[in-house]
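Undergrad: Fold the stuff below for me.
(chains A and B)
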Amino acid sequence: GAVVSQHPSRVICKSGTSVKIECRSLDFQATTMFWYRQFPKKSLMLMATSNEGSKATYEQGVEKDKFLINHASLTLSTLTVTSAHPEDSSFYICSARRGSGIIGEQYFGPGTRLTVT
Amino acid sequence: TQLLEQSPQFLSIQEGENLTVYCNSSSVFSSLQWYRQEPGEGPVLLVTVVTGGEVKKLKRLTFQFGDARKDSSLHITAAQPGDTGLYLCAGALDNTDKLIFGTGTRLQVFP
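TA: This next block holds a predicted model:
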């Protein structure tokens, strides 16, 4: 199997605070992890690509100072939403790619629902 | 720019009916994945296709990758209420791991 977990599953925070979301690959080593954002009834939008031991690559329009990504090990990547605002409320989903897997094949976590009040 | 268009966007059918979802692009993909997502959960990988013209079957689901690797289809036979969900195709461009997601097809199967 290829299991990916996320924590927390839901979080509510006040405007101006920071929130950290963890993404773990439980039964495989993930050379690359990805962070997505999904708006209600919409498809997934890639925010950034995270490689273990190096800086994340952000998609156009995604503020790297606002969405801090750290990929400290082959099984853990974190996304920190800094100085959160209500417009940051969304469903954040991570995915992971196995080192020996088919190119493009990703396994997704269950997602984190962030609500900023 | 949305590179992957899915059709239809919405599909509401009765249990037992057959259906086909299409995923079209003008770009060539190194691989293409189909995922199913239920509300409040992450997408679950159904299949990966890599070779042009490839056909894969997963029980009542049949996936086809176009000969030119630009499009794909998902056919469900005798749909069941458990098939309800958001179906997403996603393609990998230029031998990279980065996925471009389709616009999604929301399927509702009524008993």
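Undergrad: Please enumerate the helices of chain A.
TA: Remark: no helices are assigned in chain A by DSSP state H.
Undergrad: ok and the residue in it nearest chain B?
TA: Across chain A, the shortest distance to chain B (C-beta to the nearest C-beta) belongs to A:Gly104, at 2.6 Å. C-beta coordinates here come from the backbone N, C-alpha and C atoms, glycine included.
Undergrad: Mind pulling up the pLDDT for that residue?
TA: With respect to pLDDT, A:Gly104 scores 73.
Undergrad: before we move on, what about A:Ser100?
TA: 68.
Undergrad: Output the below-cut-off pLDDT ranges for chain A.
TA: For chain A, the stretches flagged by pLDDT under 70 are A:1, A:100.
Undergrad: ok, for the residue nearest to the spatial centre of it, nearest residue in space, not its chain neighbours?
TA: Residue closest to the average C-alpha location in chain A (C-alpha atoms, centre = their mean): A:Trp35, at 3.4 Å. Distances taken as C-beta to C-beta, 6 or more residues apart in numbering or on different chains place A:Met47 nearest to A:Trp35, at 4.6 Å, with adjacent residues excluded.
Undergrad: Count the residues that sit near the residue of chain A closest to chain B.
TA: 23 (other C-beta atoms under 10 Å in any protein chain shown).
Undergrad: which one is it nearest to, not counting chain neighbours?
TA: Nearest non-adjacent residue to A:Gly104, counting by C-beta to C-beta, 6+ apart: B:Ala92, 2.6 Å away.
Undergrad: Confirm for me that the one you found is in contact with A:Gln106.
TA: No - the criterion here is C-beta atoms under 8 Å, and B:Ala92 misses it with A:Gln106 at 9.0 Å.
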